[in-house]
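S.K.: With the sequence up front, the predicted model follows.
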Amino acid sequence: MTPSAVARWLLPLLVFALLAALAGCGAPERAPGLWICPMHPEVVADRAGSCPICHMDLVAKEPDETPRVWVCPMHPEVVAHEPGSCPICHMDLVPREGDDEGGEGGAGPPTHAPVRADAEALERAGVATAVAERAAWRPEVRTVGSVAPDERRSYRIEARFAGWIERLPADFTGRRVAAGETLAEIFSPELLAAQQEFLLARQVGARFIASSLPEVRRGGEELVAAARKRLDLYGLPEGFVETLERSGETRRTVPVVAPAAGFLVEKSVFAGQQVAPGQAMFLLVDLSRVWVAASLYERDAARVRIGDRARIALAFEPERAREGRVSWVDPRVDAETRTLSVRFDVANGDGAWRPGMFADVVLAGEPREATIVPDAAVLDTGARRLVFVESVPGRFEPREVEVGDRRDGRAEILAGVEAGERVAARAAFLLDSESRLRAALAARAPKSGTAVAAPHGAAGDERP
């Protein structure tokens with residue numbers, strides 16, 4: 001083939017290749033990696049394109065570089081892709097490095113994410129763990145009560161006959177008296193006449209009783225008995241009539257004695273005052289046993305029974321507790337306070353517990369098996385309660401739990417944690433902050449094929 005013939009065949013091929021090359025230059029090429037705006041670094045995409053803010057062409061980011069995330073130390077929900085200040089507290093945002101846990105799943109609430117840290121970091125942060133144990137647990141109901149007199153040991157002393165108070169040994173309110181002690185002496189003409197009639201009836205009755213006729217003897221006995229019964233109706237002190245019989249002499253005044261030992265909380269008479277039958281003179285209270293009146297929330301009503309024992313101590317000396325028993329439970333619930341009134345009987349032989357004192361009441365229930373964790377391991381977030389469980393060494397998962405009673409630095413777990421699992425028992429609030437931060441970062445992470453734009457210093461304001 002001649003050179004001129006070869007040239008005629010090659011020339012069309014060269015023209016075709018050139019046209020194909022020119023056509024290929026105009027086709028868009030999808031490049032792997034991240035593309036960002038030179039003027040707005042917060043605009044990130046996974047393909048070439050233009051900035052939605054300034055419409056500049058996006059430039060390729062080096063494959064080994066990732067966009068830095070900036071967060072607020074106090075408000076982990078504030079996230080930005082450039083330095084700035086928090087719009088809530090105005091603190092400077094700090095860079096967040098190595099956020100590799102944000103996307104991990106877990107059984108915790110959506111506001112929290114699992115946290116991973118090495119042993120050295122946990123030690124520096126002061127995080128300590130403890131094992132949830134299965135142990136006997138006795139639920140307790142705690143409340144505050146006040147000491148009150150036992151109404152069954154209160155005595156109201158009234159005049160049984162008319163007269164005048166000639167002597168008043170119980171001369172002031174609050175005086176302590178012994179059983180049988182004379183409180184007042186009353187001169188009563190009526191009672192003096194009744195004494196004389198009794199002595200006369202005894203003399204006449206003695207003659208009738210000596211008669212040989214049965215009817216006469218019986219009449220004499222009835223006469224003496226009627227006179228004695230009249231004296232008994234005046235409520236005279238014990239032994240007064242027997243002394244009158246032995247001595248045969250009337251007494252000008254009649255003593256009013258204390259029916260029991262106690263304190264005079266009321267005194268309504270004075271020396272020289274005239275009294276009438278039924279008039280109140282004294283109110284005596286025996287404080288050898290007292291009541292402790294307390295109130296319980298209505299949710300604890302089913303846990304209280306008459307006869308239940310309670311540990312009760314005065315507020316200023318909790319180490320000297322006494323045993324009390326439930327003697328009365330109000331069948332009604334107060335409509336305003338939604339509480340139930342309960343009364344405890346407490347021995348007070350030494351008289352140290354006085355009405356009006358405040359007391360701490362601990363009512364113990366029946367023991368049961370329960371899962372127990374340190375109380376510091378439970379975090380109250382308002383809507384829920386969380387415990388961080390160490391699923392594997394260095395990895396803590398947030399779990400929502402149901403908590404029963406909490407006391408003495410321990411908490412009863414009803415659901416959410418099993419016995420034998422290890423939980424964060426100290427500095428759990430640091431794990432809570434880190435968990436919230438990681439969950440917020442995971443929620444705001446850019447999705448594939450999307451661009452997130454936020455104004456400088458104000459994270460979360462997305463623009464189309």
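M.R.: Structure's in. What do you need? Residues are numbered from 1 along each chain as shown.

S.K.: Tell me the buried residues in the host helix or strand of residue 342?
M.R.: Using DSSP states H and E, residue 342 falls within strand 339-347. Neighbour-count burial for strand 339-347, counted by 16 or more other CB atoms under 10 Å, picks out 339-346. The C-beta positions use only the backbone N, C-alpha and C, and glycine is treated the same way.

S.K.: Okay, now the sheet partners of that strand, with direction.
M.R.: Here strand 339-347 is paired, per DSSP bridges, with strand 289-297 (antiparallel), strand 322-333 (antiparallel).

S.K.: contacts for it?
M.R.: By CB atoms under 8 Å, 6 or more residues apart in numbering, the residues outside strand 339-347 that reach it are 145, 147, 150, 288-298, 300-301, 304, 310, 312, 322-330, 333-334, 353, 361.

S.K.: Show the buried residues in the residues you listed.
M.R.: By neighbour count, with 16+ other CB under 10 Å, the contacts of strand 339-347 hold 145, 147, 150, 290-296, 300, 304, 310, 312, 322, 324, 326-327, 353, 361 as buried.

S.K.: Show me the helices in the stretch 151-300 of the chain, by range?
M.R.: 189-209, 214-232, 240-247 (DSSP state H, counting those that start in this stretch).

S.K.: Give me the angle between the shortest one and helix 189-209.
M.R.: Taking axes from the mean of the first three to the mean of the last three CA atoms, to 10 degrees, one finds that helix 240-247 is oriented at 60 degrees with respect to helix 189-209.

S.K.: Please report phi then psi for the residue most central in space within the chain.
M.R.: The residue lying closest to the centre of the chain (CA atoms, centre = their mean) is residue 142, at 7.6 Å. For residue 142, the backbone dihedrals (degrees, to the nearest 10) come out as phi -110, psi 140.

S.K.: Look up how far residue 322 lies from the residue nearest to it when sequence neighbours are not counted.
M.R.: If the residues on either side of it in the chain are set aside, residue 142 comes closest to residue 362, at 5.4 Å by CB to CB, 6 or more residues apart in numbering. Distance of residue 362 to residue 322, computed by CB to CB, to the nearest Å: 12 Å.

S.K.: What of residue 233?
M.R.: Using CB to CB, residue 233 is found at 43 Å from residue 322.

S.K.: what do you get for residue 41?
M.R.: 72 Å.

S.K.: same deal with residue 296?
M.R.: As judged by CB to CB, residue 296 and residue 322 stand 19 Å apart.

S.K.: what does residue 231 give?
M.R.: Distance of residue 231 to residue 322, given as CB to CB: 45 Å.

S.K.: residue contacts, residue 402?
M.R.: 385, 413-416.

S.K.: What remains of the residues you listed if I keep only buried residues?
M.R.: Buried subset of the contacts of residue 402 (neighbour count, 16+ other CB under 10 Å): 385, 413, 416.

S.K.: From these, pick the one nearest residue 56.
M.R.: Using CB to CB, residue 385 comes nearest to residue 56 of these, at 50.2 Å.

S.K.: who's in contact with the closest one?
M.R.: So residue 385 contacts 378-379, 400-403 (CB under 8 Å, 6+ apart).

S.K.: Going through the residues you listed, which ones are buried?
M.R.: Burial by neighbour count, 16+ other CB under 10 Å: within the contacts of residue 385 this picks out 378-379, 400-401, 403.

S.K.: Of those residues, just say which sits nearest to residue 427.
M.R.: residue 379 (11.2 Å).

S.K.: Name whatever forms a beta bridge with the nearest residue to residue 182 once chain neighbours are set aside.
M.R.: Excluding its sequence neighbours, the residue lying closest to residue 182 (CB to CB, 6+ apart) is residue 255, at 4.5 Å. Beta-bridge partners for residue 255, by DSSP bridges, are residue 185.

S.K.: What about residue 255, how many residues nearby?
M.R.: Residues lying near residue 255 (other CB atoms under 10 Å) number 17.

S.K.: what sits against residue 112?
M.R.: Listed by CB under 8 Å, 6+ apart, the contact set of residue 112 reads 106, 386, 398, 432, 435-436, 439.

S.K.: thinking again about what came up before, can you tell me which of the buried ones among the contacts of residue 402 are in strands?
M.R.: Among the buried ones among the contacts of residue 402, the residues falling in strands (DSSP state E) are 385, 413.

S.K.: where along the stretch 301-450 of the chain do the strands fall?
M.R.: For the stretch 301-450 of the chain, the strands defined by DSSP state E, counting those that start in this stretch occupy 309-314, 322-333, 339-347, 358-364, 368-374, 379-380, 385-392, 395-400, 402-407, 410-415, 422-426.

S.K.: Which of these sits closest to residue 245?
M.R.: strand 339-347 (40.8 Å).

S.K.: Check the gap between residue 78 and residue 439 for me.
M.R.: Applying CB to CB, the value for residue 78 to residue 439 is 13 Å.

S.K.: and the protein, what are its domains?
M.R.: Under the assignment automatic domain parsing, the domains of the chain span 115-138+369-436, 141-150+287-365, 160-277.

S.K.: wait, which of the ones you listed is closest to residue 69?
M.R.: In terms of CB to CB, the element of the domains of the chain nearest to residue 69 is domain 115-138+369-436, at 14.6 Å.

S.K.: quick one: low-confidence ranges for the stretch 1-150 of the chain?
M.R.: In the predicted model of the stretch 1-150 of the chain, residues 1-33, 61-68, 73, 76-77, 96-108, 110 satisfy pLDDT under 70.

S.K.: ok, which stretches of it are strands?
M.R.: If DSSP E, counting those that start in this stretch is used as the criterion, the strands of the stretch 1-150 of the chain fall at 35-36, 44-45, 59-60, 69-71, 79-80, 94-96, 115-116, 128-131, 133-137, 140-149.

S.K.: now for the longest one, which elements pack on it?
M.R.: The criterion is 3 or more CB pairs under 8 Å, 6 or more residues apart in numbering; DSSP states H and E, and the helices and strands that strand 140-149 contacts are strand 289-297, strand 358-364, strand 402-407.

S.K.: now the second one
M.R.: Counting contacts by 3+ CB pairs under 8 Å, 6+ apart, strand 44-45 packs against strand 35-36.

S.K.: Next, report how far the strand it packs on is displaced from the centre of its chain.
M.R.: A distance of 56 Å separates the centroid of the chain from that of strand 35-36, by CA atoms, centre = their mean, to the nearest Å.

S.K.: Okay, now the sheet partners of it, with direction.
M.R.: With DSSP bridges as the test, strand 35-36 pairs up with strand 44-45 (antiparallel), strand 59-60 (antiparallel).

S.K.: Quick one: closest of those strands to residue 194.
M.R.: Smallest distance to residue 194 across the strands paired with strand 35-36 (CB to CB): 112.8 Å, for strand 44-45.

S.K.: can you list the weak-confidence ranges in the stretch 301-450 of the chain?
M.R.: Where the stretch 301-450 of the chain drops to pLDDT under 70, the residues are 366, 441-450.
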